[in-house]
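[1] What follows is a predicted protein model with its sequence.
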Amino acid sequence: MTGSLTLVVLMAVLFGAGISIMLERSLTRVLIGFLLVGNAVNILIYLMSGAPGLAPILGEGVDPDEISDPLPQAFILTAIVINLGITAFMLALIYRSWWLAQLGLKGDEVDDVADDLEDAEEAADLIRSSAADDAAIQEIIDASDETPAEAASRRRLEEELELEASARDRDDDGGDR
Amino acid sequence: MTAALVPLVVLLPLLGAATALVLGRHRTAQMGVSAAVLGAVVVIAAVLLAAVDAGDPTVVSIGAWPAPFGIVLVVDRLSAIMLLISAIVLLVVLLYAVGQGVADRHRETPVSIFHPSYLILSAGVFNAFIAGDLFNLYVGFEILLSASYVLLTLGGTGERIRAGVTYIIVSLMSSLFFLSAIALIYGATGTVNIAQLSVRIAELPDSVQLILHLLLLIGFGIKAAVFPLSFWLPDSYPTAPAPVTAVFAGLLTKVGVYAIIRTETVIFTESDLTVLLMVVGGLTMLIGILGALTQADIKRLLSFTLVSHIGYMIFGIAVGTQLGLASTIYYVVHHITVQTTLFLTTGLIERFGGATSINRLAGLLKASPLLAVLFFIPALNLGGIPPFSGFLGKTGLFLAGAEQAAGPDAAGTAWLTWAVIAAGAVTSLITLYALTRFWNMAFWRRREELEGYESALLNSVQEAPEGATVTATRTTSVLMVVATTTLVIVTVLLTIFAGPLFELADRAAANLIDPDVYVSLVFPGGIR
């Protein structure tokens, strides 16, 4: 079996880099590490197809020894699609865990230590603005297909949320004083 | 004729998932679709089992590509048994989940995502059981894992995300191991068809066989939660909603065990890792159950017993005789139902008693005798009290081990086999101790005694890292109780019909002992 040395080196580098990044604490780096290792495995599969040849499906009258092995290519395609789906899920998970980390588990119990307060408020502002964006988009989507009853219940919910938010603001003010 | 039914066990859940997703706003219709699909799979699996047991060939080549080139779906006795029991468990747990959703009025969990994810999980599990080539097995694993990521982090609360991250990263690692193993196996043999591998792997040099074998085992070992690859399980399972934990505990680890059975019996027929599997099996039992001893939270306790009892199956595979494999198959079936039942009962306890910690539960026997029965039967069953199926399965495994240790094959390793049998007996007793302790405290202790209660039994227990959570007592729907009762009845039926079931498992094991049976199933005309 013959293979390209360049690919072997590339695979080794991807494996090494990917695994060392994966050992970091940050989830985003773990994801990057996973992507690198995933690609390293794909190259490993590709290496197993041996020397490159003609395009695999050429119809009749072609010497089978001349064409490259189509099976590993099919494997890689499948693996790439699976990796894509998992990456999308991981990104959503990372976003969610970042969100929870900013707000803290109990949402409004922001740490009262003076140094942290500023950071926490900045983060909370950021979240509020992005949450406002999300809410606006969601409203447009919902408005297109909601029944009057649903609209009423949603309005009630929003009012409650606003009440809560204003209560929280008041609490924050109290903390400053 | 029956062969045409084989692809349906994967197709139906996938189509059902798509339909359920479209019906996202109509919850009743969604429930109907899910229940109908899983009900249909139960029927199909039963028909397949009957057909396979009668000797009908049930091998399908997808797209009519012949075996080594195309994807083959193979149903032998083992696959059919696994299909049937997992379909039954999935259906019952679905009913439980529906009941819980009704009781909760959809306040906490986004049910519209639950049904499609659940059906995709089922499709992945079924696909793994009927895969005739390694790559399709990998795809089956990925389908069920992707769905399980969604189910585990359902609702996206901080606790679930934290538990989910551990689970997801560990699972991704095991998938990468598995995929690398597939690549290397393809490089070494030029095929991923399991039947063809059975012939070609044996032709490889011993050292190459050993490397490939270990790579595959590490990948499957993580999924099956075998010590030392089991650390992730007790931290990730208990936080999910009760029905999700139940299905994960019952089925997902057993898919890994199934893959290990196939690896040991069909793929690596020559390469022998008996000693390694024995040691790992024994350690899985002991370490797992010692972890269970110190848990105050019943969900975490059960997660540790889950890890521990995987050790029995690994032991059975390591023994590798016909009796050993038959007992393993019977034990897998027993463990799927019992472990799922216990987690469902725990869900009921949590709702009824308002907590899952041994330190906060009391007086449940008086409050709900039915709940007590639903806990007591599977708990004794798991602990291995005669005449329940847990006792029968363990006896079978120990007998197989003793026979093998006394036989001429095991001259050097006989003491090891005896040691693992002893470990199994100790594990069984400790399981019983841990569960009866919970029973004593939660069911027999009076409610008034709860305040300031002191007992030597409770000195060593620790609360879950998140601390003991107290949930407000919520209503329990009839459907949840009915579903749990059904599964308890199934576990009792496994005991009553143990004779015929064990004979069936024995016939399945006879197929496994001789890999040529599997090969001739896929290649009726003989292999080149």
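    Good, I have the coordinates. Numbers count the residues shown, from 1 in each chain, chains lettered A, B, ... in the order given.
[2] any idea which element B:Leu365 lies in?
    Element membership for B:Leu365, per DSSP states H and E: helix B:364-367.
[3] And for that helix, what's in contact with it?
    Helix B:364-367 is contacted from outside by B:Ile349, B:Phe352, B:Gly353, B:Leu371, B:Ala372, B:Ala442, B:Phe443, B:Trp444, B:Arg446, B:Arg447, using Cβ atoms under 8 Å, 6 or more residues apart in numbering or on different chains. Yep, even glycine has a C-beta here, placed from its N, CA and C like the rest.
[4] Now, of those, which are buried?
    Applying 16 or more other Cβ atoms under 10 Å in any protein chain shown to these, the neighbour count classes B:Ile349, B:Phe352, B:Gly353, B:Leu371, B:Ala372, B:Ala442, B:Phe443 as buried.
[5] which ones are touching B:Leu512?
    Counted by Cβ under 8 Å, 6+ apart, B:Leu512 has contacts B:Leu78, B:Ile261, B:Thr265, B:Val266, B:Leu325, B:Tyr518.
[6] of all these, which comes closest to chain A?
    Taking Cβ to the nearest Cβ as the measure, chain A lies nearest B:Val266 of the contacts of B:Leu512, at 20.4 Å.
[7] In ChimeraX, select just the buried ones from the contacts of B:Leu512.
    Here is the ChimeraX command that selects the buried residues among those (16+ other Cβ under 10 Å):
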select /B:78,261,265,266,325,518
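[8] Could you list the low-confidence segments of the stretch 1-150 of chain B?
    B:1, B:57, B:102-111 (pLDDT under 70).
[9] For it, what lies in contact range of chain A?
    Within the stretch 1-150 of chain B, the residues that sit near chain A (Cβ under 8 Å from any Cβ of the partner chain) are B:Phe135, B:Val139, B:Glu142, B:Ser146, B:Tyr149, B:Val150.
[10] Please tabulate these in TSV and include secondary structure and neighbour count as additional columns.
    Below are the residues of the stretch 1-150 of chain B next to chain A laid out as TSV (DSSP: H, G, I helix; E, B strand; the rest coil; neighbours: other Cβ atoms under 10 Å in any protein chain shown):
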residue	secondary structure	neighbour count
B:Phe135	helix	23
B:Val139	helix	20
B:Glu142	helix	24
B:Ser146	helix	20
B:Tyr149	helix	21
B:Val150	helix	20
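[11] Tell me the one of the residues you listed nearest chain A?
    Nearest to chain A among those, with distances taken as Cβ to the nearest Cβ, is B:Glu142, at 4.9 Å.
[12] residues in contact with the residue nearest to B:Leu233 when sequence neighbours are not counted?
    The spatial neighbour of B:Leu233 that comes closest, neighbours along the chain excluded (Cβ to Cβ, 6 or more residues apart in numbering or on different chains), is B:Ala225 at 4.4 Å. For B:Ala225, the contacting residues are B:Trp232, B:Leu233, B:Thr253, B:Gly256, B:Leu306, B:Val307, B:Ile310, by Cβ under 8 Å, 6+ apart.
[13] Going through these, which ones are buried?
    Using 16+ other Cβ under 10 Å, the buried members of these are B:Trp232, B:Leu233, B:Thr253, B:Gly256, B:Leu306, B:Val307, B:Ile310.
[14] Around chain A, pick out the residues from chain B.
    Within chain B, the positions near chain A by Cβ under 8 Å from any Cβ are B:135, B:139, B:142, B:146, B:149-150, B:153, B:156, B:158-159, B:161-162, B:164-165, B:168-169, B:172, B:176, B:179-180, B:182-184, B:186-187, B:192.
[15] can you do 7 Å?
    Contacts of chain B with chain A, taken as Cβ under 7 Å from any Cβ of the partner chain, map to B:135, B:139, B:142, B:146, B:149, B:153, B:156, B:158, B:161, B:164-165, B:169, B:172, B:176, B:179-180, B:183, B:186-187.
[16] sorry, back to before: so which of the buried ones among the contacts of helix B:364-367 belong to helices?
    B:Ile349, B:Phe352, B:Gly353, B:Leu371, B:Ala372 (DSSP state H).
[17] Residue of chain B nearest chain A, please.
    B:Gly187 (3.6 Å).
[18] Tell me which helix or strand A:Gly61 sits in.
    For A:Gly61, there is no host helix or strand (DSSP H and E).
[19] Look up how far A:Ile67 lies from it.
    Distance of A:Gly61 to A:Ile67, given as Cβ to Cβ, to the nearest Å: 12 Å.
[20] out of the two, which sits in the more crowded spot?
    A:Ile67 (15 against 5; other Cβ atoms under 10 Å in any protein chain shown).
[21] was I right about B:Leu78 contacting B:Ala508?
    Yes: contact status for B:Leu78 versus B:Ala508: in contact at 4.7 Å, counting by Cβ atoms under 7 Å.
[22] hey, what's in contact with both of these two?
    Common contacts of B:Leu78 and B:Ala508 (Cβ atoms under 7 Å, 6 or more residues apart in numbering or on different chains): B:Ile329.
[23] Give me the below-cutoff pLDDT ranges for chain A.
    For chain A, the stretches with pLDDT under 70 are A:1, A:58-59, A:104-177.
[24] List, one by one, the residues from it near chain B.
    Residues of chain A lying close to chain B (Cβ under 7 Å from any Cβ) are A:1, A:27, A:30, A:34, A:37-38, A:41, A:44-45, A:48, A:72, A:75, A:78-79, A:82, A:85-86, A:89, A:93, A:96-97, A:100, A:105.
[25] Give me the buried entries from the residues you listed.
    Using 16+ other Cβ under 10 Å as the burial test, those include A:27, A:30, A:34, A:37-38, A:41, A:44-45, A:48, A:72, A:75, A:78-79, A:82, A:86, A:93, A:96-97, A:100 as buried.
[26] How far off centre is the helix-or-strand element of chain B with minimal mean pLDDT?
    One helix or strand of chain B scores below all others by mean pLDDT, DSSP states H and E: helix B:364-367, with a mean of 79. Distance of helix B:364-367 from its chain centroid, counting by Cα atoms, centre = their mean, to the nearest Å, is 31 Å.
[27] Tell me which residues of it come out buried.
    Result for helix B:364-367 [16+ other Cβ under 10 Å]: buried residues B:Leu364, B:Leu365.
[28] just stretch B:49-59 next, same as before
    Neighbour-count burial for stretch B:49-59 [16+ other Cβ under 10 Å]: B:Leu49, B:Ala51, B:Val52, B:Pro57, B:Thr58, B:Val59.
[29] Helix or strand: which one has B:Ser460?
    Of the helices and strands defined by DSSP H and E, none includes B:Ser460.
[30] Can you name the residues in contact with stretch B:6-13?
    Here stretch B:6-13 has contacts from B:37, B:40-41, B:44-45, B:48, B:58, B:60, B:73, B:75, B:83, B:119-120, B:122-123, B:126-127, B:130, using Cβ under 7 Å, 6+ apart.
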